[in-house]
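**Student:** please find the sequence and the predicted model below.
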Amino acid sequence: MARLLFSFALLVGLSGVACGQTAPEIAPSGKLRVGMIAITVLGGVAEPVARFIGQKFGVAVEPVMYPSPDAYLQSFGKDEWDIAIGPRVLAPADKADSTADLWVISLVYVAAPGKEFPDIASVDRTGVKIGTIRGAPSERVLAREIKAAEIVRIPLSPTIAADAAELLRSGKADVFGADSGVGYPAADALPGAKIVPGAFAMVRVAAALPKGRSAAAQAALATLVDEAKQSGVVQKAIDAKGLKGVNVATK
């Protein structure tokens with residue numbers, strides 16, 4: 001145990017040195033602009049993680065919140081942020097270098113009152129209408145995997161859980177497929193609605209640097225991502241929001 005604690009302390013010490021050396025490259029303006037999506041399960045968790053990273057770099061953090069997944073995706077390559085924290089699938093490999101995963105989010109179905117789906121496989125059938133968030137990772141998965149059901153898309157908004165519940169209540173969708181940060185609140189907001197057992201996919205969330213940053217800068221950010229997971233920063237951020245179906249990444 002003593003050796004383990006010494007190794008962790010040594011890692012933290014070395015990360016401090018590395019961050020001090022790379023801070024001017026990563027945050028040249030003297031503040032760390034962090035791109036993220038304005039939704040609890042993403043930006044809500046990313047903000048405290050960003051503050052931890054900024055503290056390690058010795059700079060103030062300026063959140064750059066995007067109102068939708070598409071707006072976040074379109075920000076890559078435009079010098080609007082210094083690092084981004086969001087779905088790995090929305091970080092183009094030709095425009096960014098991503099770290100290891102920070103946390104993972106279950107994609108779940110919420111069934112409308114009176115609609116019965118014993119498992120996720122039973123959702124994809126003729127006549128079923130699946131609601132989802134336009135441009136979100138959930139839509140990408142559904143557009144790729146769904147063969148028989150109809151997909152009904154709605155925009156992301158600050159009231160997305162209520163919007164999803166209303167879509168189900170109105171009969172415009174039989175189920176709503178989204179990240180668990182939307183799915184569980186939507187189910188809670190609509191009496192009789194329930195989560196279909198299982199997850200139809202997972203969203204992997206990572207930090208990213210703009211393409212072209214040095215190997216030292218990438219290594220420094222990678223070290224802080226690992227430290228944020230190992231020290232409990234990510235878990236505390238998840239717990240503070242009371243999120244279900246969200247877990248610290250193991251790799």
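**Tutor:** That came through fine.

**Student:** and residue 123, what does it touch?
**Tutor:** 109, 117, 130, 149, 175, 177, 196, 200 (CB atoms under 8 Å, 6 or more residues apart in numbering). Quick note: C-beta positions are derived from backbone N, CA and C, even for glycine.

**Student:** which of those sits closest to residue 190?
**Tutor:** Distances from the contacts of residue 123 to residue 190 were compared by CB to CB; the smallest belongs to residue 175, at 11.9 Å.

**Student:** find me the pLDDT at the closest one, would you?
**Tutor:** As predicted, residue 175 sits at a pLDDT of 98.

**Student:** what do you get for residue 22?
**Tutor:** For residue 22, the model assigns a pLDDT of 79.

**Student:** which helix or strand contains it?
**Tutor:** Per DSSP states H and E: residue 22 is located in helix 2-26.

**Student:** next: residue 164.
**Tutor:** Assigned by DSSP H and E, residue 164 falls in helix 160-169.

**Student:** from what I can see residue 191 touches residue 165, true?
**Tutor:** No - with contact defined as CB atoms under 8 Å, residue 191 does not count as touching residue 165 (9.7 Å).

**Student:** show me the shaky parts of the protein.
**Tutor:** 1-20 (pLDDT under 70).

**Student:** which parts of it belong to which domain?
**Tutor:** The record assigns the chain these domain ranges, following automatic domain parsing: 2-104+205-248, 106-201.

**Student:** gap between the two ends of the last one?
**Tutor:** So that's domain 106-201. 6 Å (CA to CA, to the nearest Å).

**Student:** how about stretch 183-194?
**Tutor:** 9 Å.

**Student:** what ranges does the stretch 151-251 of the chain have for its strands?
**Tutor:** 175-179, 194-195, 201-210, 246-248 (DSSP state E, counting those that start in this stretch).

**Student:** centre-most residue in the chain?
**Tutor:** Centroid-nearest residue in the chain, with CA atoms, centre = their mean: residue 42, separated by 3.9 Å.

**Student:** since that was my last question, I'll sign off now.
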